[in-house]
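**Q** With the input below, show me the fold.
(chains A and B)
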Amino acid sequence: GQQVMQIPQYQHVQEGEDFTTYCNSSTTLSNIQWYKQRPGGHPVFLIQLVKSGEVKKQKRLTFQFGEAKKNSSLHITATQTTDVGTYFCAGRKSTASKLTFGTGTRLQVTL
Amino acid sequence: GAVVSQHPSWVICKSGTSVKIECRSLDFQATTMFWYRQFPKQSLMLMATSNEGSKATYEQGVEKDKFLINHASLTLSTLTVTSAHPEDSSFYICSARERREGGDEQFFGPGTRLTVL
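**A** Now for the predicted structure:
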């Protein structure tokens, strides 16, 4: 079945440092979504990428979808303590298929 | 964005009892809802897809007789954990799909934390 892996599993940075999480799918994806889950909370939708090579930005967050539509990345510039949480990518093989979540990357930010 | 609610937000029950969790789409109709389970420090695992007016589709390894799903209306799906045991303790999250032009969107509920004693 479809597998979506993320690396690293966990990262601890100091506030102000950059952070990147990488998402790799075993199959080509129709689209990919990114979610953030705060400790004790539920996943909150961040963004969806659809096109090959697409890059989208949300303030300090930059999302990229690979040319082959099998991988994606989320980069946070100058992290803040409010960025703490687990970041999940989630992909679909087709627009009608189920969403498969990645393994997640837990980000810890300290002062 | 669209809003999905879940009730209860947390529940503690004794081993052997059944627990019902409700998932509602508040401002849109959802022909399809999804039930996920998340264990501590792990990812969301899809348990089943709930289709309004028909039987749910369960993922491999999920017991349909233990996790009963009912999607009786376009805004409500329920998950009943029957004869719950401590290993069923988990965070259960539902999601509702809204059909839109240009592609469907999936909205997540706030989750239900189940603790079985």
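**Q** Pull the number of nearby residues for the closest residue to residue B:86 other than its chain neighbours.
**A** Counting by Cβ to Cβ, 6 or more residues apart in numbering or on different chains, residue B:116 is the residue found nearest to residue B:86 once chain neighbours are left out, at 4.9 Å. Bear in mind the C-beta positions are built from the backbone N, C-alpha and C, glycine included. Around residue B:116 there are 20 other residues, counting by other Cβ atoms under 10 Å in any protein chain shown.
**Q** quick one: the residue of chain A positioned farthest from its centre from chain B, how far?
**A** Distance from the centre of chain A peaks at residue A:111, with 23.2 Å (Cα atoms, centre = their mean). Remark: distance between residue A:111 and chain B (Cβ to the nearest Cβ, to the nearest Å) = 23 Å.
**Q** do the same with residue A:7
**A** For residue A:7 relative to chain B (Cβ to the nearest Cβ), the value is 13 Å.
**Q** how far away is that residue from residue B:80?
**A** For residue A:7, the distance to residue B:80 equals 37 Å [Cβ to Cβ, to the nearest Å].
**Q** Let's see stretch B:19-35 as CSV, backbone CA atoms only.
**A** Presented in CSV, the C-alpha positions along stretch B:19-35 are these (Å, rounded to 0.1, in the frame of the first residue of the first chain):
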residue,chain,number,x,y,z
VAL,B,19,-18.7,4.4,23.8
LYS,B,20,-20.4,6.4,21.1
ILE,B,21,-18.6,9.3,19.4
GLU,B,22,-20.5,11.8,17.2
CYS,B,23,-19.1,13.7,14.3
ARG,B,24,-21.0,16.6,12.8
SER,B,25,-20.4,18.9,9.8
LEU,B,26,-21.9,22.1,11.0
ASP,B,27,-22.2,24.2,7.9
PHE,B,28,-22.0,21.9,5.0
GLN,B,29,-23.2,18.5,3.9
ALA,B,30,-20.8,15.7,3.9
THR,B,31,-21.6,12.5,1.9
THR,B,32,-18.3,11.1,3.1
MET,B,33,-16.7,11.2,6.5
PHE,B,34,-13.5,9.6,7.7
TRP,B,35,-12.6,8.2,11.1
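**Q** Tell me the confidence at the residue nearest to residue B:86?
**A** With respect to pLDDT, residue B:116 scores 97.
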